[in-house]
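Novice: Got a predicted structure plus its sequence, pasted below:
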Amino acid sequence: LNMVRVALCQFPVSTNKEKNHATAKEYFQKAAQQGAQLVVLPEIWNGPYATAAFPEYAENLVPLHNDNDNDDHQHDFTQSPSAQLLKQAAIDHQFWVVGGSISEIVKPSPNSAANSKPIYYNTCLVFNPNGDCVAKHRKVHLFDIDVPGGITFKESDTLSAGETMTAFDGGDLLGMVGVGICYDIRFPE
């Protein structure tokens, strides 16, 4: 049986994306110093967890090929400073990174109808120690709650649901690893 040192990083998130990036870098450094081989960040770590904030903090995770091909995770991350940070941390510290999640924007194609709007997802990227993106998971089960006389929160007000389950091969160290985001864990598929 392999023993794996995992760092589960929960940290305060602010409205300042650059500050959130600096905080993530600090936690990556701490994880590396403690010998982590797999580092997991929180959901929506690069900006506030609020439906109104998702579009403002969303980043474009542009696929190099057809994004419908779930086996092809090669992306152009030049439009995503958060993805660049995750990739670089994996390389610099030689560990696996499950990037929690960030808001992803998918802009309408130039051939789309004039009234087409961007689509937003709650997306997790996974990088191996070489900096390769080995998985991209879009949250499938959005969290909507309406408690009479209490809280109302609906991710579906802003976000679209992903359509596929996601797993990656972590080799001899990790084996096959399933990826889910928060509420996804409550569903058996």
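Specialist: Received the coordinates, thanks.
Novice: Quick one: neighbours of Asn128, just the number.
Specialist: Counted with other C-beta atoms under 10 Å, residues neighbouring Asn128 total 22. All C-beta atoms are positioned from the backbone trio N, CA, C, and that covers glycine.
Novice: so how far is Ile145 from it?
Specialist: 35 Å (C-beta to C-beta, to the nearest Å).
Novice: same question, Tyr57
Specialist: In terms of C-beta to C-beta, Tyr57 sits 22 Å off from Ile145.
Novice: Neighbour count for these two, which is higher?
Specialist: Ranked by neighbour count (other C-beta under 10 Å), Tyr57 and Ile145 place Tyr57 first, with 21 against 11.
Novice: From the chain's centroid, how far away is the top helix by length along the chain?
Specialist: What stands out as the longest helix in the chain, according to DSSP state H, is helix 17-33. Distance of helix 17-33 from its chain centroid, counting by C-alpha atoms, centre = their mean, to the nearest Å, is 15 Å.
Novice: Extract the C-alpha trace of it and format it as CSV.
Specialist: Only the C-alpha atoms of helix 17-33 are listed here, as CSV (Å, rounded to 0.1, in the frame of the first residue of the first chain):
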residue,chain,number,x,y,z
LYS,A,17,-7.9,37.9,-7.3
GLU,A,18,-4.2,38.8,-7.0
LYS,A,19,-4.4,38.5,-3.3
ASN,A,20,-6.1,35.1,-3.6
HIS,A,21,-3.3,34.0,-6.0
ALA,A,22,-0.7,35.1,-3.5
THR,A,23,-2.5,33.2,-0.7
ALA,A,24,-2.7,30.0,-2.9
LYS,A,25,1.1,30.3,-3.6
GLU,A,26,1.7,30.5,0.2
TYR,A,27,-0.3,27.4,0.8
PHE,A,28,1.4,25.6,-2.1
GLN,A,29,4.8,26.5,-0.5
LYS,A,30,3.6,25.2,2.9
ALA,A,31,2.3,22.0,1.4
ALA,A,32,5.7,21.5,-0.4
GLN,A,33,7.6,22.1,2.8
